[in-house]
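Enquirer: here are the coordinates; sequence isn't available:
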C-alpha cells in the first residue's frame with residue numbers, strides 16, 4: 001500500500017490486483033517461489049490517459065450511526 005501512496009505522491013496512478021494469476025502454480029513457478037512463499041498481488045503503476053472509473057459506493061448515512 002505504501003508503494004501505491006508513493007506512486008500517487010509522484011503523480012502516477014496505481015492499482016494493486018490480487019487475482020487468479022497470484023495463485024496459479026505456473027505463474028508462481030515463474031517467480032521461483034519455494035514452499036511457504038506466495039504472491040501478495042501485482043501493483044501496476046502508470047499514467048492515466050482518461051479519468052479513472054469510479055465504482056458505486058454505499059450510502060454512508062445508511063451504514064454509519066453517530067453517537068451524541
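Expert: Good, I have the coordinates. Given the structure is predicted, the values throughout are model-derived calculations rather than measurements.
Enquirer: which residues does residue 46 bridge with?
Expert: residue 13 (DSSP bridges).
Enquirer: you'd agree it is up against residue 11?
Expert: No - contact criterion C-beta atoms under 8 Å: residue 46 and residue 11 do not qualify, at 11.0 Å. All C-beta atoms are positioned from the backbone trio N, CA, C, and that covers glycine.
Enquirer: which of these two has more neighbours?
Expert: residue 46 (10 against 7; other C-beta atoms under 10 Å).
Enquirer: what ranges does this protein have for its strands?
Expert: Using DSSP state E, the strands found in the chain span residues 13-17, 42-46.
Enquirer: the last one - contacts with which helices or strands?
Expert: Translated: strand 42-46. Packing partners of strand 42-46 (3 or more C-beta pairs under 8 Å, 6 or more residues apart in numbering; DSSP states H and E): helix 2-9, strand 13-17.
Enquirer: any chance of these in TSV with distance to residue 58 as columns?
Expert: Output for the helices and strands packed on strand 42-46, formatted as TSV (distance: least, C-beta to C-beta, whole Å):
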stretch	distance to residue 58
helix 2-9	22
strand 13-17	21
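Enquirer: any chance of the ones you listed in CSV, with mean neighbour count too?
Expert: Below are the helices and strands packed on strand 42-46 laid out as CSV (neighbours: other C-beta atoms under 10 Å):
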stretch, mean neighbour count
helix 2-9, 11
strand 13-17, 13
